[in-house]
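> Give me a 3D structure for the following:
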Amino acid sequence: MASRDLRAELDFLLLQLLGDLEQLEAKRQALNARVEEGWLSLSKARYAMGAKSVGPLQYASHMEPQVRVSTSEGQDGLQKFWMVRAGTQTPEEVGSREAALRRRKGLPRTPEPDSSPAPQNPLKWFGILVPHSLRQAQASFREGLQLAADMASLQSRINWGRSQLKELQEKLKQLEPRAP
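Now for the predicted structure:
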């Protein structure tokens, strides 16, 4: 009976793993398409504005990231990745800041400077009226970043599923009688 339960669990895990692999492949294809669109749009912008108008010479001397990757580990040990826009706070950051404010209740209030102002839009480095293709390139690369975070989470889930699958196979080997 235990062998039958393990086989059912093994089948369920295999189906879940195959579904995750299909999702990963679809996300890879979508990522490749977004990156390709981004580079094509960037080359169109270079053509419209001139090759010297869109390049490293226009980059700001001090760059600030617009997004960052955050991770968390679930109760089952799976790591999850997601994108956080600059200037926004994750729930952990909000909670810790509120606790710090509660401790200072008796102290006189002093305005706290914003430690992370929203970064400037990099499109402004290239002028005020940038071509639509440059905005399209930025959007494509942003979508690609989100897809990359989704793929990392999915890859983590696949690795976890593979380890669970190996454990179940070992348990099943131990339960089955050996053939002569």
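> how about the spatially closest residue to Val35 that is not a sequence neighbour, what does it touch?
Sequence neighbours aside, Gly144 is the residue nearest to Val35 in space, at 5.3 Å (criterion: Cβ to Cβ, 6 or more residues apart in numbering). Backbone N, C-alpha and C define where each C-beta goes, glycine included. For Gly144, the contact set (Cβ atoms under 8 Å, 6 or more residues apart in numbering) comprises 31, 34-35, 38.
> change it to 6 Å
Residues near Gly144 by Cβ atoms under 6 Å, 6 or more residues apart in numbering: 31, 34-35.
> how far does the helix or strand it falls within sit from the chain's center?
Following DSSP states H and E, one finds Gly144 within helix 132-175. Mean C-alpha position of helix 132-175 versus that of the full chain (Cα atoms, centre = their mean, to the nearest Å) differs by 10 Å.
> Tell me the pLDDT of the residue nearest the centre of the chain.
Nearest to the mean C-alpha position of the chain, counting by Cα atoms, centre = their mean, stands Ala149 at 1.9 Å. Per-residue pLDDT puts Ala149 at 93.
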